[in-house]
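K.L.:
coords below, sequence missing:
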Ligand code: ADP
Ligand code: XUL
C-alpha cells in the first residue's frame, strides 16, 4: 500500500506542488506541477511575481497566493492525481515576506464555503493590501533604529542569527507601524508567506516555523523563541500579533474542510507549519548531518551548510537559520555567480563548451595567478563599487582569465565559510551552472572533497514533501532518522567530481595569496 505526501513551495515567481509516493518499492517523486504568477495569474499585474514599485519597494498582493493555491489544487484534481491519499502536507515559501490580517481573518478561513472560490471569500481579511517581500530594500532607516536599540550590529547578529537587513520581516513591520499606524493597530495577525500558505490549507492561523522565524530579526536564535527585546525594538504590541515559534515537525493540524469538500482530500490529512525556502531546500538537498554543504550555482551562487550547533558569523555576512532537523543552517549569498562567469565567457567570445575546454586546459592554482571577481557589487565580502582586479596576468590571456574567475569564486566560498567550523566531507550541488562538470572539478579540488550533483530542480518543494514524510513516519512513536528519509534522492552511487590531491594542495596555497589580496583590497575601501 503506498502513501502519498505533498510538498508546496511558494517562491517569488511561482508555486510548485510536488507529490512524493512512498511504497514498499521505495520513495519517489510521483508528480511535479508549477504555476507561474506572471503568466498564469496576469490579472494581478505582477512582473515575475512582484508589483512594479519605485525606490526599492517590492510588494506582492497576498490574494495572488490564495488564487495560485486554488488553481494548483484544481490542476492536480483535474489530472486525477490521488489527492485523497495525501497523508500530510509540508509547505515552504520565499523567506521574510509578510502578510497582515485583520480580526475577521480567522473566522473567514473557518467559514469558507467549498462551493465558492476561496480568494473571493478572503478579500476582506487584510489590514494591508500588499505584502512586502524579500526583494524590498526600503527599510534602511528601520534597520538602523532596531540596531541602535539592540546595541549594535554584533548584538543583533548574535541575538537573532543575522544583522538587521532591509528585507528581514522585523524592519518591514517597523516601517508599516511608522507609516500606517492605524492599519498596524487593526492588524490582528502577522503571518509570513511561509505561514500564510499552511494557514489557508488549515483554515486557521498556523504558527511560524523556526526556520523562517529566524529570518525576521525577531527570534532568539539560541532559544528558538521570540526575543522580547527585539519585539520591543520593532513595534508596540507586536507580541500579540505573532503566534509562537514552533519547531518543524512538532506541530500539525488537520486540513480545512474547504479542501476536503472541494478537492477530495482526506479529512485526516495533516498540515505542517511552513518553513522558508532555504531551510526547506536544506532537506531537499540532503543536508541533514554534519559535514555536508550544498552549493547552488544559479544567478547568484549560494552556499548552504548544515550546522549541528548554533554559531553566528563574526562578520555578520552570512545568515543563520533554524533547520527542519532541529539543528541549524548557515547560508551565504555571493552575487558574482553565474553573471560573473557569463561576463568572462562573453568577453572571451566563448560558448560554455569553449569555456570548459579552456578551464580544463589550465593547471589548478593557475601558476599563482588569480583575480578578485567583483564584476558587480558583492555581498560576501561587502564590496559596494564593482571592480575586477587581476594578479600576475592580463585580461587578454583568455585561458588564465577563465580559470581565474572560477577559482576565485570557489576560493572565496571556502574562505568565507571557515567561520562555520564544520569541515565539509561532501558537497551537493544544484542550479543552472552545476550542469558544467569542469566547474564542479574546480569546486572538488578547491574544497578537497567529492561533489555530487542533485537532479531535482525543485529542492524546496522536495524538502517540503520530505518533511511531511518524516513527520508521518514519526507518528509511530519512534524517532526516524532524516538520513533514511532523504537518502532515496541523493544519488550517492558516484560522485560527479572527485578531488585531485595535487590540485587541492595548489589551490590551498593559492587561497593564502587570495586571502591577503582580498584583505588589502577591502582596506582600500
Ligand atoms: P536561477 O538562479 O535564476 O534559478 P539557474 O539555476 O537556472 O538560475 O541558473 C542559470 C544560470 O546557469 C545561467 O545564468 C547560466 O549562466 C548558467 N549555466 C547554464 N548552463 C551552464 C553551463 N553549461 N556552464 C556554466 N553555466 C551554465
Ligand atoms: C534569503 C532570501 C531569499 C529568499 C528567496 O535570505 O532572501 O533566498 O528566500 O526566495
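P.N.:
Perfect, thanks for sending it. Since we're looking at a predicted model, the values are computed, not measured. Ligands and ions are numbered 1, 2, ... in the order given.
K.L.:
Could I get the average pLDDT for the host helix or strand of residue 35?
P.N.:
Here residue 35 sits within strand 26-36, counting by DSSP states H and E. Here strand 26-36 scores 95 as its mean pLDDT.
K.L.:
May I see the buried residues of the helix or strand just after it?
P.N.:
Next in sequence after strand 26-36, counting helices and strands by DSSP H and E, comes helix 37-40. Using 16 or more other Cβ atoms under 10 Å as the test for burial, helix 37-40 gives residue 37. (Each C-beta comes from the backbone N, C-alpha and C, glycine too.)
K.L.:
coming back round to it: tell me which other helices or strands the strand holding residue 35 touches.
P.N.:
strand 14-23, helix 62-78, helix 459-473 (3 or more Cβ pairs under 8 Å, 6 or more residues apart in numbering; DSSP states H and E).
K.L.:
neighbours around whichever residue of the stretch 351-500 of the chain sits closest to ligand 2, how many?
P.N.:
Among the residues of the stretch 351-500 of the chain, residue 460 lies closest to ligand 2, at 8.1 Å counting by Cβ to the nearest ligand atom. Around residue 460 there are 29 other residues, counting by other Cβ atoms under 10 Å.
K.L.:
From the structure, what's the count of residues near the residue in the stretch 101-250 of the chain that ligand 1 sits nearest to?
P.N.:
With Cβ to the nearest ligand atom, the shortest gap between the stretch 101-250 of the chain and ligand 1 falls at residue 135, namely 13.3 Å. Neighbour count of residue 135, defined by other Cβ under 10 Å: 20.
K.L.:
which phi and psi does the residue nearest to it when sequence neighbours are not counted have?
P.N.:
Nearest residue to residue 135, sequence neighbours excluded (Cβ to Cβ, 6 or more residues apart in numbering): residue 58, at 3.7 Å. Dihedral angles of residue 58 (phi, psi; degrees, to the nearest 10) stand at phi -140, psi 110.
K.L.:
what does the stretch 301-450 of the chain put close to ligand 1?
P.N.:
Counting by Cβ under 6 Å from any ligand atom, the stretch 301-450 of the chain comes close to ligand 1 at 338, 341, 342, 352, 431, 432, 433, 435, 436.
K.L.:
from those residues, which is closest to ligand 1?
P.N.:
For these, the nearest to ligand 1 is residue 432 (2.1 Å; Cβ to the nearest ligand atom).
K.L.:
Surely that closest one touches residue 341?
P.N.:
No: using Cβ atoms under 8 Å, residue 432 is not in contact with residue 341, being 10.2 Å away.
K.L.:
who has more neighbours, the two?
P.N.:
residue 341 (24 against 13).
K.L.:
what sits against the more buried one?
P.N.:
Residue 341 makes contact with 355, 405, 406, 409, 433, 439, according to Cβ atoms under 8 Å, 6 or more residues apart in numbering.
K.L.:
try 6 Å this time
P.N.:
Residues near residue 341 by Cβ atoms under 6 Å, 6 or more residues apart in numbering: none.
K.L.:
what do you get for residue 282?
P.N.:
304, 323, 329.
K.L.:
So which of these is the closest to ligand 2?
P.N.:
For those, the nearest to ligand 2 is residue 304 (10.3 Å; Cβ to the nearest ligand atom).
K.L.:
how about the nearest residue to that closest one, chain neighbours excluded?
P.N.:
residue 294 (4.1 Å).
K.L.:
what pairs with the one you found across the strands?
P.N.:
Bridge pairing for residue 294 (DSSP bridges) gives the partners residue 304, residue 428.
K.L.:
Surely it touches residue 428?
P.N.:
Yes: Residue 294 lies in contact with residue 428 (Cβ atoms under 6 Å); the separation is 4.6 Å.
K.L.:
Between the two, point out the one with more neighbours.
P.N.:
Using other Cβ under 10 Å as the criterion, residue 294 and residue 428 rank with residue 294 on top: 28 against 25.
K.L.:
Next, the buried residues of the strand holding residue 35.
P.N.:
Quick answer for strand 26-36 (16+ other Cβ under 10 Å): 27, 29, 30, 33, 34, 35.
K.L.:
number of nearby residues for residue 523?
P.N.:
The burial count for residue 523: 7, using other Cβ under 10 Å.
K.L.:
That one belongs to a strand, doesn't it?
P.N.:
No: membership of residue 523 in a strand is not supported by DSSP: H, G, I helix; E, B strand; the rest coil, which gives helix.
K.L.:
And the strands in the stretch 251-400 of the chain, which stretches?
P.N.:
Ranges of strands within the stretch 251-400 of the chain are 253-254, 270-271, 275-276, 292-297, 301-307, 319-322, 328-334, 370-374, 387-391, based on DSSP state E, counting those that start in this stretch.
K.L.:
ok, which residues in the stretch 51-200 of the chain are in contact with ligand 2?
P.N.:
Looking at ligand 2, the residues of the stretch 51-200 of the chain close enough under Cβ under 6 Å from any ligand atom are 94, 95, 96, 134, 167.
K.L.:
Residue 184 and residue 137, how far apart?
P.N.:
21 Å (Cβ to Cβ, to the nearest Å).
K.L.:
ugh, wrong one, residue 150
P.N.:
20 Å.
K.L.:
Equivalent analysis for residue 19, please.
P.N.:
Distance from residue 19 to residue 137, by Cβ to Cβ: 36 Å.
K.L.:
which one of the two has more residues nearby?
P.N.:
Just comparing residue 19 and residue 137: by other Cβ under 10 Å the higher neighbour count belongs to residue 19, 22 against 13.
K.L.:
does residue 373 really touch residue 340, like I thought?
P.N.:
Yes: judged on Cβ under 6 Å, residue 373 makes contact with residue 340 at a distance of 5.2 Å.
K.L.:
Give the intersection of the neighbour lists for those two.
P.N.:
Common contacts of residue 373 and residue 340 (Cβ under 6 Å, 6+ apart): residue 405.
K.L.:
ok, back up a step: need the buried ones from the residues of the stretch 51-200 of the chain next to ligand 2 selected in ChimeraX.
P.N.:
Of these, the buried ones go into a single ChimeraX selection, burial set by 16+ other Cβ under 10 Å:
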select :94,95,96,134,167
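K.L.:
Now tabulate the residues of the stretch 51-200 of the chain next to ligand 2 in CSV and tack on secondary structure and pLDDT.
P.N.:
Converted to CSV, those look like this (DSSP: H, G, I helix; E, B strand; the rest coil; pLDDT from 0 to 100):
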residue, secondary structure, pLDDT
94, coil, 95
95, coil, 96
96, coil, 97
134, coil, 93
167, coil, 94
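K.L.:
Near residue 52, how many other residues are there?
P.N.:
Residue 52: 10 neighbours (other Cβ under 10 Å).
K.L.:
Need the per-residue pLDDT for it.
P.N.:
The model's pLDDT for residue 52 equals 94.
K.L.:
ok, the closest residue in space to it that isn't next to it in sequence to residue 61 distance?
P.N.:
Distances taken as Cβ to Cβ, 6+ apart put residue 45 closest to residue 52, at 7.7 Å, once the chain neighbours are dropped. Taking Cβ to Cβ as the measure, residue 45 falls 9 Å from residue 61.
K.L.:
Pull up the residues of the stretch 251-400 of the chain that are close to ligand 2.
P.N.:
276, 277, 278, 319.
K.L.:
The first one reaches residue 214, doesn't it?
P.N.:
No: at 8.0 Å, residue 276 and residue 214 do not qualify as touching, with contact defined as Cβ under 6 Å.
K.L.:
that older thread, which neighbours do residue 294 and residue 428 have in common?
P.N.:
Common neighbours of residue 294 and residue 428 (Cβ under 6 Å, 6+ apart) are residue 285.
K.L.:
Smallest gap between the stretch 251-400 of the chain and ligand 2, at which residue?
P.N.:
For the stretch 251-400 of the chain, Cβ to the nearest ligand atom, closest residue to ligand 2: residue 277, 4.7 Å.
K.L.:
Retrieve the pLDDT associated with that residue.
P.N.:
94.
K.L.:
Check the one 5 residues further on too.
P.N.:
Residue 282 carries a pLDDT value of 95.
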